[in-house]
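Student: here is a sequence with its predicted model. Questions after.
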Amino acid sequence: MKTTVMVATAILLCLAGSAQAAEVDMKAIAQIESSNNPSAYNTRSKATGLYQITPICLADFHFYHDKRYTLEDMLDPDKCYEVAYWYFNDRIPRMLKYYGLKLTINNILIAYNAGINYLVTERELPSETTDYIRKYNEAVK
C-alpha cells in the first residue's frame, strides 16, 4: 500500500511539472488572435497575421535574431508562426525566469496579453486578459 501511494505521488509530481513546462498551443492562439485568418490586421495596434504580431514583438525578435522580418512578412503564416512561437515559448519564459515568476501557461498568456508588469507588480488583470485566458482554456479542451 505504501509503495502504491509513493508511486501515485511521484506520478502526480511528474504531471504537475509537465503541466508547468508545457508549450503554448499555437493553434489556440491563432484562433483567439485572428480567427485563423493569416491576413488579419489591426489598424489600432498594427498587429499582423495569424498570431497578431505587433511592431514591439517583432523588434524584440530582431534583437535576438539575425533575421529581419517586416510586419508585411507576418502575413506569411510560416514566418508569423516562427516569431509567435519564439515569443510564447522562449522569450516570455525567459522573462518569467528573470523575474522569479512561475512558468505556467497562464503566466505566459498574461505576460503576452497584458504585459509582464502585471505579474511583477501583482496588479489586477484587465478583463480583456481574463477573457483571453478563458478563450485559450476553452480552445484547448
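Tutor: Received, thanks. Residues are numbered from 1 along each chain as shown.
Student: where's the nearest residue to residue 51 once chain neighbours are set aside, which helix or strand?
Tutor: Taking Cβ to Cβ, 6 or more residues apart in numbering as the measure, residue 51 lies nearest to residue 84, with 3.5 Å between them; neighbours along the chain are not counted. Just so you know, the C-beta spots here come from the backbone N, C-alpha and C atoms, and that holds for glycine as well. In this structure, residue 84 is located in helix 77-86 according to DSSP states H and E.
Student: identify the residues contacting the residue minimising distance to the centre of the chain.
Tutor: Centroid check for the chain by Cα atoms, centre = their mean gives residue 88 as the closest residue, at 3.6 Å. Taking Cβ atoms under 8 Å, 6 or more residues apart in numbering as the definition of contact, the neighbours of residue 88 are 23, 24, 26, 29, 108, 112.
Student: and the closest residue to the third one other than its chain neighbours, how far from residue 61?
Tutor: If I follow you right, that is residue 26. The spatial neighbour of residue 26 that comes closest, neighbours along the chain excluded (Cβ to Cβ, 6+ apart), is residue 85 at 6.0 Å. Relative to residue 61, residue 85 is positioned 11 Å away (Cβ to Cβ, to the nearest Å).
Student: of the two, who's got more company?
Tutor: Relative neighbour count places residue 61 above the other of residue 85 and residue 61, with 20 against 15, counting by other Cβ atoms under 10 Å.
Student: three-state assignment of that one?
Tutor: Using DSSP: H, G, I helix; E, B strand; the rest coil, the three-state assignment for residue 61 comes out as helix.
Student: I'd say it and residue 90 touch.
Tutor: No: taking Cβ atoms under 8 Å as the definition, residue 61 is not a contact partner of residue 90, at 10.0 Å.
Student: how many other residues sit next to residue 63?
Tutor: Number of residues near residue 63 (other Cβ under 10 Å) recorded here: 8.
Student: kindly apply the preceding question to residue 77 instead.
Tutor: Applying other Cβ under 10 Å, I find that residue 77 has 15 neighbouring residues.
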